[in-house]
Every structure is written in structure tokens, then in C-alpha cells.
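S.K.: just need the structure, nothing else, for what follows:
(chains A and B, ligands or ions: 2)
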Amino acid sequence: MSDSAQLIPEVQYATLEQQGDTAQLGMWVFLVNETIFFGALIFTYFLYRTTYPHEFEVAAKDAVLWCGSVNFALLLTSSLTMVLAVNAAAQDERPRRMIIWLVATAALGCAFLVVKGYEYYLDYQDKVVPVAHYEVKPGEGSAGELFWVFYWVGTGLHAIHLTIGIGLVLYMLLWRIRRGEIGPAYYAPLEVVGIYWSFVDTVWLFLFPSIYLVGRS
Amino acid sequence: MTTTTTFEEGPAVEPHTFLEPSYLTSENTLSSWLFTRDHKRIALMFFASITVFFFVGGGAATLMRMNLATPHGLLQPSLYNRMFTMHGIIMVWFFLIPSIPTTFGNFFIPMMIGARDLAFPRVNLLSWYVFNLSGFIVLYSLIMGGADTGWTFYTPLSTVYADGYVFAAAMAVFINGFSSIMTALNFVVTIHRLRAPGMTWTRLPLFVWGIYAVSVVMLTATPVLAMDTFLLAVERFIGIGLFDPRHGGDPLLWQHMFWFYSHPAVYIMILPAMGVVSEIIPCYARRPVFGYTGMTIALMAIAILSFFVWAHHMFVAGISVYSGVAFSLLTFFVAVPSAIKVFNWTVSLHKGRISFDAPMLYALGFVLLFTLGGITGLMLATLAIDVDVHGTYFVIAHFHYIMVGATVSAFFGALHYWWPKMTGRLYPEMWARFAAILTYVGFNLTFFPQFVLGYLGMPRRSYTYPPEWQSWNLLSSAGASILAVAYLLPLFYLGWSLFWGRKAGANPWGATGLEWITPSPPTKHNFERTPVVTLGPYSYDPDEDSFITQEGVRHVR
Ligand code: HEM
Ligand SMILES: [Cu+2]
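M.R.: Ligands and ions are numbered 1, 2, ... in the order given. Prediction:
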């Protein structure tokens, strides 16, 4: 498949292996940074949650649990298909299997966004959009609205990250793989996208229980 | 130590490498610059961008000092508020934080570790574009009328009461952070993965260590600011948010998150400067730096400790006395590694063969001003003193001694030190020494009176003051005009030297680092062959006036 002319490392690297290793390290370092970014949000969330335990609990009851749960399952599955894609890239000379798994991954990601969009629609109907369309529910006081600020900021930022992830998968499919640049000899770019994808998944792993599960019994 | 050459005669680089065109002339189209992946070109592009911001920020400062020359001022109070705010925002995020890393770091980190480029050249270029995007937004905010919250954006002033372009300014800071992060990530990965054979961690020049330390701080602190400004922008935009007391939000949370970033950020501004000075002093004292290991440990200690002192900015903001005491103590701890560094630089002069060339003058100025800034920092860290002088000109003087006196001096020191390597030309030495001394004089004249004013009780961020303080203020304004000349001068003589300066050899100062074994200016990919490192940095011998490059070639001057 890939002819060897394309498999020359960039000028600053001695070998392709070094280039692939470095790309991975770069992604890990970036994720440290991302972890702190989301960490700061989740930290402040729990800070407020402990300050206003009752108000937040009441407000959180209006979050649409089934949407969050379906999305949880979708994303976990997509991480699996992602890993299978990387695995296929490492083993198969022919890209067929890798492409199938990647398409599945992107599709699952899109399905997440569709469900999320539908949930936002339900949220709107439920009048939990701060300022724009909000109705104070009994028992949540004025701090309840803060819960929803967290909700929109957290899920919104997560959705943006996921969209970027889908974009990266499409870039792999439509550009790198079509040009035959990903194969057993060199698949670091796909691995890097995979690491990022798992991270976005992990963020949901934290957001989901924080938003939908805590205090719901 | 295999070969010995006489410095003046022996070429440090094999002659044929000179035949290859330099990175400046290898391609000449505009797009070869705008789409370049060459870290050296990107460094120059950053240099151009931050120079613009330095003078924009300087313009705001000029207006402020003109205003303060008389007790009743000359600007409208609201304009004065906008001026100090935009001055702070631009100087901190658009000049000082990127200053040394994006220019000299970009240019010299790969060269000093023997690499042909940074690990991710496209990310490096993207960082420049993102930086300029944020720059346009901040200029937009400025031109539309600016923000008036102070560079610290304290809530609820910034969220509820301020009526300037706070949203744009906060977004500019937010986006600017991406550029910081991209550049820092590139450095960390490059230093980990692209060192030449033999370039072990204990052989890294201290400048590389300084950039490494600062990159770690940038990577861990900037995301907190990003989240903080993002939440601020959201609150400003929709009108309710997490810092809003009307909904049970806590305005102090903003300050905690802001200083959790911004105290480390003050070290983001000083660590690279420490690295620069650790290069310059051994080279002009012709002896190894004293306590190399201690220097590296101190750099990393500062980087780590800087995360545990943020609340010393909030002693009077309503935090409890107990946390006040704890943060006061922790702040004292940061001073220990800082003092170790000052001690080591000073000892590095001992029995050296010192020459007072311009870079050295700037470096010595750095050490003196940093010491003064650090000592007054300790005074501020003392709870009882801070309660008294918090929010006065004492604080202004303290941080200007460090950020301007020290860091900007180091920036100019680096500029002169590496100028021949970057441009292939020597700068006029006498002019440069004159500018260095003028900087020192102008700086002290500007900011020393502010210690006095602060001690007398003059509040910061005020457009007016009682007439009895005018003489100190006048002194300060007069000093500022001298400082302005000292900062403008290099623009002229360095610009002149680009065309008419003497051609520089590969290693005009007789320095040991790998960057000096390449031709001046370097070729596109720096090194013809990957260098093999056999020695640590700074193998200078003052007695014989010889030095050994990191490749192990001994030269006698
Ligand atoms: C020996 C190390 C240092 C100590 C002990 C120290 C201590 C302090 C303290 C206690 C304050 C708070 C004063 C107040 O607001 O009442 C302060 C303010 C400040 N320091 Fe330092 N500092 C040190 C080094 C630095 C460095 C290296 C920089 C910059 C490169 C710096 C920049 C600042 C700035 C910008 C502020 C004021 C911020 C504002 O309120 O706008 N300091 N310092
Ligand atoms: Cu501080």
C-alpha cells in the first residue's frame, strides 16, 4: 500500500520511530494540560456543590438521566472501536478493517452529539437555560441556576472537544489513510488521535456521574 | 578535548557549511515566511509581534506617567483607568510572558540541544498565528475604548459594574493562553526527545533548564486561567455566573483561580530571564557558573513552590488569618531558591576575567534589580507590612523591579548576546553599553521613588494624589522618559547594524554552547551533522583564557 517515499521522518527526527514516540509524548503532555482545564471546572463544581448541597440536588434532578446514560454507553463503545482501529492499523497491510472501525467510531461520536442535542432541546423545554429561558423550581433557591451554568459550560466544552475528535477521525479517514500514510510501518498519528479520543471519553466518565448521578437515589 | 585551536584563527565550523545559504536567505518569498516551519524564522516573527506590543504597552505607560507628573492629572479619570488596565494586560500577556520563550527560546532551544528544529514545527507556527489573533482582539478592545478593571479583572467589578470592552479583553487573554500552551508543550517535548547524543540532563545549558521549568509552569497554570477567564466571559456575556454573589456565587473564587495562575505567571516571566543570565555571566566572566546542580534544582524548586503561594495577593481580601499566616510562610520559602540563584551568580564572578560588554551590563543589572525586587517581595510577604502597603505604589515598585528591571534587562541582554548569531552582524558596542547603563539609571529613577510613595501611602490605580507627593512623582516621570530613550535606542543602532554592522564570525564571544558551532546566521537546519556532546556547558578557564565547547574542542583566545 503506502509507498516508502512517504515514510521519511521529518527533518528534526532521526527515525520514524522517534517521530512517532515524540508525537505520542506531545499528546500526553497536552492531555495533562486538558486535565487541569477540566479539573478546574469540576473542582469548582464540587466546591459549590458542597456549599449548596440541597439546592444543587434539587436542580440536578431535572437533568435528563436517560440521555446522559445512553451517551455514556455510546462513548465507551466508541473508545473500544477506536482501539480496534488502532489495532487493525498495526496489524493489517490492507486498511479495510481500520477504516470500518474508524467509521464506526465517528458514527458513535455523532450519535452522542445527536442525543446531546436532543437533550438540550428537552432542557430548553424544561426551562433550565440560565437567563435565556429559566424558571426557578421549588426548593432550588437562587443557587440552583448555578448548577445549570455548570451543566451548560461542562457539557458544552465536552461537546466541542468531541466535535474536534470527530474532525480528527475524519481527517485520518479522508486524508491520511486515503493517501496511504497509515499502516503497520507507521501508525503513530492514528494512535495520537486515539489517545485524544479516550481522553474525551474519560472526561464524560467524570462529568456523567457528577452531573447526573450524585445525590440521586 | 581532542583538538586545540587558537580561537582567532581556527574556524569553529568546517568551511564548506558556509556555502549553504543561511536561514534568512534560503527562501525569499513572503509565503516562505508566513508558512515557514523553521523555528528561527518563527522566532523572528514572534520578535516582531511582541516588539509592537511592547511599544503599545509603553505608550499607555507614557500617558500614565505624563498624567501623574501633576497632582490633578491631565487625562480624564476614566481614560486613566483604561490606560493602566490596557498597559497591564498588554505588558503581561502580550509582551512579558511570551518575550524570552517565544523569541530566544524558539530560536536557541533546538540549537543548544543540537536539534534541527522543535518537535512540532507546525504547532510552533500555529502558536504565532494564535498569538496574533489574540493580539488583534486586545487591540480591538483597546481601540474601542478598552477595559477599566485592572489587569486582574476582579469580580464583581469586571462582571457587573465595568462598562468597557471587558469581554473582548478577557477573550484575548483566553486565546493568548493557547499560544502559551502550544509553545510550552513544544519545548517540553523537544527537550525530552530531541537532545543530541551525549546531551544529558546534567549537560544542558541553564537557559534550556530555565525554559524547561517555565514550560512546565505554563502547561500546568495556564489551563486554570483559561477556565477562569472562560467562566468570566460566560458570566459577562449571559449576565449570571459563578462569581456572582446575587446567585450565591463567590467573587473571591475568581481571585483564587486568577492568582493560582498569576502567581506562577510572575515566575513564568522571570525563569527564562534567569536562564539567560546564567548563559551571559559565565561567558563574560570567563569561568564556569558556580553551582550548576544547585542552579537546576533551584529553577525546578521555584517552579514547583510558585504554585503554593498565590493567596499572598489576597491577604486583605477577606481570607482567614490562618490561611494568611500559612501563605505568608510559604511565600518565604520561595525566596530561598531565588536567593540561592543570586548567590551563585555573584560567586560566578569571583576570580573571573570579567569584561563589561553590553550583555554583561544587562545581566549584572538583572542581578541587582532582581535582588531589590525579591527583598521587597519578602517585605510584602510579611503579613503585618502587607496589610499596610497592599494596594499602594510599594507593590507597583516591587513587581516592576522584577518584571521590568530584571526581566526586560535580561531580554535586552539576550538580544545583544545572541544578536550576532541571529543576524550575522555585530552591534556597535559603545552604543549598546550606553543603552544598558541608561536603562539602569532610568529604571531606578522611575521606580525607586515609587517605593517611597507607596510607603507614604499613595494608592495604586489612582489618577490623582495630594500635592505634597508631587516631587517624588515628578522624579518618577522624569526617570520614565530616560527609560523610554534607553528602550528606543537599541531599535536604532541594532537596526543600523543589520545593514552596516561588522560581519560576525561563528563564535564572536568565545562561548561554549552548541549554538555557537553553527555559522552566523545559521543555515536552515542548523547543523550539517548532528553534534556529539562530550562536556557540560561553561567550560571556561579564566587563567589561560581558554574554553572548551560542548563538543569538546578546546580554543585559546
Ligand atoms: C522573592 C520572590 C517574591 C516574593 C517573596 C514576592 C512577594 C509578593 C507579594 C507578597 C505580593 C503581594 C503584595 C500585595 O498585593 O499586597 C507580590 C505582588 C506582586 N509580585 Fe511579587 N514576589 C516575589 C517575586 C516576584 C516575581 C519574580 C515577580 C514577577 C516576575 C513578581 C511580580 C509581582 C506582581 C505582578 C505583583 C502584584 C500583582 C498585582 O497586584 O497587580 N513578584 N509579590
Ligand atoms: Cu505572587
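S.K.: show me which residues of stretch A:13-25 are buried.
M.R.: Within stretch A:13-25, the residues that count as buried by 16 or more other CB atoms under 10 Å in any protein chain shown are A:13, A:19-25. Yep, even glycine has a C-beta here, placed from its N, CA and C like the rest.
S.K.: let me know the closest of those to chain B.
M.R.: A:Thr22 (4.5 Å; CB to the nearest CB).
S.K.: which residues does that closest one contact?
M.R.: A:13, B:119, B:189, B:193-194 (CB atoms under 8 Å, 6 or more residues apart in numbering or on different chains).
S.K.: switch the cut-off to 6 Å
M.R.: Counting by CB atoms under 6 Å, 6 or more residues apart in numbering or on different chains, A:Thr22 makes contact with B:119, B:189, B:193.
S.K.: among the residues you listed, which are in reach of chain A?
M.R.: Contacts with chain A are made by B:119, B:189, B:193 out of those, judged by CB under 6 Å from any CB of the partner chain.
S.K.: picking that back up, the contacts of A:Thr22: which ones sit near ligand 1?
M.R.: By CB under 6 Å from any ligand atom, no member of the contacts of A:Thr22 lies near ligand 1.
S.K.: got a winner among the ones next to chain A among the contacts of A:Thr22 for most neighbours?
M.R.: Among these, B:Ala119 has the most neighbours (other CB atoms under 10 Å in any protein chain shown), with 27 neighbours.
S.K.: distance between stretch B:242-253 and the chain's centre?
M.R.: Its chain's C-alpha centre and that of stretch B:242-253 lie 34 Å apart, by CA atoms, centre = their mean, to the nearest Å.
S.K.: what about the residue of the stretch 451-557 of chain B found nearest chain A, how many neighbours?
M.R.: Going by CB to the nearest CB, chain A is nearest to B:His525 of the stretch 451-557 of chain B, at 5.8 Å. When neighbours are defined as other CB under 10 Å, B:His525 has 18 of them.
S.K.: OK, contacts around it?
M.R.: Counting by CB under 6 Å, 6+ apart, B:His525 has contacts A:11, B:116.
S.K.: for it, give its distance to B:Ser26.
M.R.: 10 Å (CB to CB, to the nearest Å).
S.K.: what's the answer for B:Tyr440, then?
M.R.: 39 Å.
S.K.: higher neighbour count, these two?
M.R.: Shown here are B:Tyr440 and B:Ser26; by other CB under 10 Å, B:Tyr440 has more neighbours (21 against 15).
S.K.: so the more buried one touches B:Gly365, yeah?
M.R.: Yes - with contact defined as CB atoms under 6 Å, B:Tyr440 reaches B:Gly365; the gap is 4.7 Å.
S.K.: what strand or helix carries B:Gly294?
M.R.: helix B:292-305 (DSSP states H and E).
S.K.: likewise for B:Phe547?
M.R.: strand B:546-548.
S.K.: what do you get for B:Glu27?
M.R.: Applying DSSP H and E, one finds B:Glu27 in no helix or strand.
S.K.: kindly report the same for A:Val200.
M.R.: helix A:188-208.
S.K.: buried ones in that helix?
M.R.: Buried positions in helix A:188-208, judged by neighbour count with 16+ other CB under 10 Å: A:188-204, A:206-208.
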